[in-house]
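Trainee: when you get a sec, could you give me coordinates for this:
(one chain, ligands or ions: 1)
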Amino acid sequence: MADFSVRHSLADLEEYEVETIDADIVVNANESNYPLPAVVRQDIAARMQDFSYNRYPPMKCETLCALLAEQLGIDTDKVRVGNGSSELLQMACYAFGGAGRKIAVPYPSFSMYGVYAQMSDSEVLHYSLTVDGYLDADAVLRFCRDEQPDLLILNNPNNPTGNYNPLPVVEAIIAGAGCPVIVDEAYMEFAKGDGVDPRDLRPLGQLKLVAGSALALLHKYSNFLVYRTFSKAYSMAGLRVGYAVGSSLMTKILGKTLLPYHVNGYSLLCAMACLTHRDAFAPQIGEIRDQRDLMAQNLEDMGMQVWPSQTNFLCYRPAGRLQELLARAYDQKYGPNNLSQPSKAGKYLFKALLEDKILLRDFTEHPALPGCLRQSVGLPGENAVVLGKLRALCRAIVGNEEI
Ligand code: PMP
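Mentor: Next comes the predicted model:
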């Protein structure tokens, strides 16, 4: 076989792989476990009656852009739709980064930011979040002054920690960064900003106060894009639709990198149906928030350290005495190895749940989050089963000992 050489920036990049694991309760990928509401499914079926399979879809997703713009009360040219927000993240790296340019990404956060930046030949810079996973505006601005990135990515609320950063913090960074900023709000629908609910997408001019989303800053700054997705709150991860909202200057630059017809017609049609009936999602979004808070309380009661989450997932790890005992149980069951105590404790739980066909996301060996598990909020019945198993596992290890 010929020894192909690849671009320098790709040489040490591995293709993204997620092992396919058969499970009965799947809470590892922050998807929605709720099906599309019946009214949305009916609307999709009706719209499909005269679907033009033989035609290309709208070249730049114009129809969906127009509906989003109408709901936001802004001009259509301020919105771009993508094949999942992933495509728009990747393309922003191509548009604003490139060889000899730098992209700053948060750490610990969504690992794909660094991958997309690397794919685009950009130099990847990591700026640190606080130990609790929050943005420190002063530290980020200092970082930008010292490193002069060409693009800065923020994730609010942050994956995998779940933290929500108040709007003034995000605004301070946008105002002072001195470069284009992406505010990835993939999980914002689950957050509860102070003041107005961030799910409220009445025309911005009609809102007296929007505390949750950087969408509220659209009329104030032109150097940023807000990213949203239909994959989480809108139960459409399988259809791959996301969107970016920002100044026409920013969307125009992003648009230079997008292929014509990059989102398929069926996905666009489904997203139109979702938006048309967006109120139908409110009950399930509300239930996810309530379940999340209940689960966090239950996990703390078991002896877990739980990150404060405003998303549809929780990040947690066994702490204190529970951690010690679980790590010891891990050694007994799997034999000693070089993993740290927190990692062993978290892994013991991860593996035990997997034996029961419950799939969480394993962050136990993440350098900044040792021992952590990430669990999406599933349906109430699923959450109860997972919590019940965790409680039983912890009780079996701890016995009657106080933790
Ligand atoms: N941003 C964040 C923070 C995410 O967690 C994800 C998905 N895990 C995405 C973006 C990508 O979402 P999608 O491509 O499905 O819109």
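Trainee: how far does whichever helix or strand Ala66 is part of sit from its chain's centre?
Mentor: Assigned by DSSP states H and E, Ala66 falls within helix 62-72. Computed by C-alpha atoms, centre = their mean, to the nearest Å, the chain-centroid distance of helix 62-72 equals 22 Å.
Trainee: end to end, how far does stretch 76-85 reach?
Mentor: Stretch 76-85 has an end-to-end distance of 18 Å (C-alpha to C-alpha, to the nearest Å).
Trainee: equivalent analysis for stretch 220-235, please.
Mentor: Per C-alpha to C-alpha, stretch 220-235 runs 32 Å from first to last residue.
Trainee: quick one: is it near the ligand?
Mentor: Yes. Judged by C-beta under 6 Å from any ligand atom, stretch 220-235 and the ligand are in contact via Thr229, Ser231. All C-beta atoms are positioned from the backbone trio N, CA, C, and that covers glycine.
Trainee: report the buried residues of that stretch.
Mentor: For stretch 220-235, burial by neighbour count (16 or more other C-beta atoms under 10 Å) applies to 223-235.
Trainee: Ser343 reaches Pro370, doesn't it?
Mentor: Yes. Between Ser343 and Pro370 there is a contact under C-beta atoms under 8 Å: 5.2 Å.
Trainee: neighbour count winner among those two?
Mentor: The residue with more neighbours, out of Ser343 and Pro370, is Ser343; 24 against 18, by other C-beta atoms under 10 Å.
Trainee: sketch out the low-pLDDT regions of the stretch 251-400 of the chain for me.
Mentor: 400 (pLDDT under 70).
Trainee: show me the strands in it, by range?
Mentor: Under the criterion DSSP state E, counting those that start in this stretch, strands of the stretch 251-400 of the chain are mapped to 304-306, 313-318, 358-359, 361-363, 372-376.
Trainee: before we move on, what about the stretch 51-200 of the chain?
Mentor: Using DSSP E, counting those that start in this stretch, strands in the stretch 51-200 of the chain cover 79-82, 102-107, 123-128, 151-155, 181-184.
Trainee: check whether the fourth one comes near the ligand.
Mentor: Read that as strand 151-155. Yes. Strand 151-155 reaches the ligand (C-beta under 6 Å from any ligand atom) through Asn155.
Trainee: can I get that strand in PDB, CA atoms only?
Mentor: Extracted C-alpha coordinates of strand 151-155, given in PDB (Å, rounded to 0.1, in the frame of the first residue of the first chain):
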ATOM      1  CA  LEU A 151     -11.900  33.000  17.300                       C
ATOM      2  CA  LEU A 152     -13.100  32.400  20.900                       C
ATOM      3  CA  ILE A 153     -15.700  29.700  21.700                       C
ATOM      4  CA  LEU A 154     -17.800  29.800  24.800                       C
ATOM      5  CA  ASN A 155     -20.200  27.100  25.900                       C
END
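Trainee: hmm, Glu300 is touching Leu314, no?
Mentor: No. Using C-beta under 8 Å, Glu300 is not in contact with Leu314; the gap is 10.4 Å.
Trainee: between these two, which has more neighbouring residues?
Mentor: Leu314 (27 against 13).
Trainee: quick one: contacts for that one?
Mentor: By C-beta atoms under 8 Å, 6 or more residues apart in numbering, the contact list for Leu314 reads Gly162, Arg292, Met295, Ala296, Leu299, Val306, Trp307, Arg374, Gln375, Val377.
Trainee: I'd like to know how far it sits from Gln71.
Mentor: Counting by C-beta to C-beta, to the nearest Å, the gap from Leu314 to Gln71 is 30 Å.
Trainee: now Leu167
Mentor: Taken as C-beta to C-beta, the span from Leu167 to Gln71 is 20 Å.
Trainee: go on, Asp184?
Mentor: Where Gln71 is concerned, Asp184 sits at a distance of 20 Å (C-beta to C-beta).
Trainee: of the two, who's got more company?
Mentor: A direct count of neighbours by other C-beta under 10 Å for Asp184 and Gln71 places Asp184 higher, at 29 against 15.
Trainee: next one: the more buried one from the ligand, what distance?
Mentor: 5 Å (C-beta to the nearest ligand atom, to the nearest Å).
Trainee: surely that residue touches Asn156?
Mentor: Yes. Asp184 lies in contact with Asn156 (C-beta under 8 Å); the separation is 7.2 Å.
Trainee: what about the spatially closest residue to Asp22 that is not a sequence neighbour, neighbour count?
Mentor: Of all residues not flanking Asp22 in the chain, Lys357 sits nearest, at 7.2 Å (C-beta to C-beta, 6 or more residues apart in numbering). By the criterion of other C-beta under 10 Å, Lys357 has 12 neighbours.
Trainee: for Lys357, give me its contacts.
Mentor: For Lys357, the contacting residues are Asp22, Ala23, Asp24, Ile25, by C-beta under 8 Å, 6+ apart.
Trainee: Gln175 is in contact with Ala214, isn't it?
Mentor: Slight slip there: residue 175 is Ala, not Gln. No. The pair Ala175 and Ala214 fails to qualify as a contact (C-beta under 8 Å) at a distance of 11.4 Å.
Trainee: higher neighbour count, the two?
Mentor: Ala214 (30 against 16).
Trainee: how much space is there between that one and Ser247?
Mentor: In terms of C-beta to C-beta, Ala214 sits 12 Å off from Ser247.
Trainee: cool, Ala329 as well?
Mentor: Distance, Ala329 to Ser247, by C-beta to C-beta: 55 Å.
Trainee: for Gly246, phi and psi?
Mentor: Here is the backbone geometry of Gly246 (degrees, to the nearest 10): phi -180, psi -160.
Trainee: tell me the secondary structure of the nearest residue to it once chain neighbours are set aside, please.
Mentor: Nearest non-adjacent residue to Gly246, counting by C-beta to C-beta, 6+ apart: Leu225, 3.7 Å away. Under DSSP: H, G, I helix; E, B strand; the rest coil, the three-state class of Leu225 is strand.
Trainee: touching, Leu225 and Ile253? I think so.
Mentor: No. Leu225 lies out of contact with Ile253 (C-beta under 8 Å); the separation is 9.5 Å.
Trainee: list residues touching both of the two?
Mentor: In contact with both Leu225 and Ile253: Pro180, using C-beta under 8 Å, 6+ apart.
Trainee: got the residue ranges for the helices in the stretch 301-403 of the chain?
Mentor: 320-334, 341-355, 380-398 (DSSP state H, counting those that start in this stretch).
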